[in-house]
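**Q** any chance you could fold what I've pasted below:
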Amino acid sequence: MNVIFIIGIFISVFQFVLLANKKSKSLPDKILAVWMLVIGIHLTSYYLSLLGYWVKYPHLVGITAPFPLLYGPMLYLYTLYSLKNTQNLQKRDYIHFAPFILAYLYLFRFFFFYTAEQKRLVDSGEMDDFKTFSIAMVIAFMISGISYSILAYGLLNKYKHLINNNFSYTENINLNWLKYCIWGTGLIFITVVVIVVPRDLMGFQYRFNADLIFYAMFIIAILTLGYFGIRHQNLFTDNIVLEEEVQSKSEYQKSGLKENDAMEKHRALVKLMKDEKPYLQSKLTLHGLATLLETSPNHLSQIINQYEKQNFNDFVNSYRIQEFIARASTNDQYSLLAHALDSGFNSKSTFNSVFKKQKGCTPSQFIAKLKK
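**A** Okay, the predicted model is just below:
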């Protein structure tokens, strides 16, 4: 077990150094760097307690007790700013650290007014001065961890929706790595609940050090989060303001686009798609198509949703599918993949996925039926 803790401490500190020395650091890089440092310090503190150093040096007792209250906020802020083109925290973001600060303020008298012997007695349970506080900390940590995992996952789902409404491609904007990181972190918090509630709140005694289970899981999560976090830092390389879909009549009215103007723009959009075929651009965006149509991205999103009953991604890909069918059914000289790439798709996997979603079968099956 000593080896696991040493590895965890080394990995977290090493990843902190890598991120801290990275050129052109993004805000998510900075958040992740701080998070790795916090984890490294926390793991070191717990490892020293396992080795008995808190008995030798009682002033170390409780020095990192509030640190778990940082994990939920760090996960949430890391997710939030991995999905936004922002380089500075907002003032309201600091409120997430209030429980952490309040915990240290409550422990102020313990750190500065308790003797070494009193701290040792508190740590061994012979003094119950902070028993209620310890229980409150455990409950706060569990609520914080699970709540922030849910909030982070909600953010992820929201931005998946925005991606489909702003981009005609999904390559290099894959959010699965972030989803798995959130799931993994959430699983750790759930494990903490399953282990800690029976032990600390119900008095159940395990025959082994149950803390080692979620600490081992945590060390695995450090490696995973650090690896993907360093590799995936800027999801959106273009400075594009992501537009939401406009879905209700009241929202249509608020957008400022009159119905007659919307109908005219829709006709112009259909003509543009048929005549100029902008969908052949493999990285066409809502912003780019709106520029060609000489309208705002917000109005274009409204028009597509109102008249085509689709998001931007599905709308553009429907034209690409039609283009592919026209090419593949009349020209056997090139492969189906070549026709797909010429029709505006970026990859074979995306093409197959989109085709099956829209046509209910594979491209080869569809073309074979056409030629019978």
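**Q** please name the nearest non-neighbouring residue to residue 19.
**A** Sequence neighbours aside, residue 33 is the residue nearest to residue 19 in space, at 3.7 Å (criterion: Cβ to Cβ, 6 or more residues apart in numbering). All C-beta atoms are positioned from the backbone trio N, CA, C, and that covers glycine.
**Q** isn't the one you found up against residue 16?
**A** Yes - using Cβ atoms under 8 Å, residue 33 is in contact with residue 16, at 5.4 Å.
**Q** how about low-confidence regions in the stretch 151-300 of the chain?
**A** Where the stretch 151-300 of the chain drops to pLDDT under 70, the residues are 171-174, 226-227, 229-256.
**Q** quick one, strands of it?
**A** For the stretch 151-300 of the chain, strands defined by DSSP state E, counting those that start in this stretch do not occur.
**Q** helices along that one, start to end?
**A** Using DSSP state H, counting those that start in this stretch, the helices of the stretch 151-300 of the chain run over 176-196, 211-231, 249-254, 259-275, 286-293, 297-303.
**Q** show me how the protein divides into domains.
**A** Using automatic domain parsing, the domain parsing of the chain gives 2-231, 249-370.
**Q** mind putting these into JSON lines with mean neighbour count?
**A** Listed next are the domains of the chain as JSON lines, based on neighbours: other Cβ atoms under 10 Å:
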{"stretch": "domain 2-231", "mean neighbour count": "17"}
{"stretch": "domain 249-370", "mean neighbour count": "17"}
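**Q** which strands and helices sit next to the host helix or strand of the residue nearest to residue 19?
**A** Element membership for residue 33 (DSSP states H and E) is helix 27-50. Here helix 27-50 touches helix 2-20, helix 71-82, helix 211-231, going by 3 or more Cβ pairs under 8 Å, 6 or more residues apart in numbering; DSSP states H and E.
**Q** as CSV, those with distance to residue 318 would be great.
**A** Formatted as CSV, the helices and strands packed on helix 27-50 follow (distance: least, Cβ to Cβ, whole Å):
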stretch, distance to residue 318
helix 2-20, 42
helix 71-82, 30
helix 211-231, 32
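**Q** residue 118: which of these is closest?
**A** Closest approach to residue 118 among the helices and strands packed on helix 27-50 (Cβ to Cβ): helix 211-231, 23.9 Å.
**Q** contacts for that closest one, please.
**A** 1, 4-5, 7-8, 11-12, 15, 18-19, 22, 28-29, 32, 36, 39, 43, 46, 78, 177-178, 180-181, 184-185, 187-188, 191-192, 195 (Cβ atoms under 8 Å, 6 or more residues apart in numbering).
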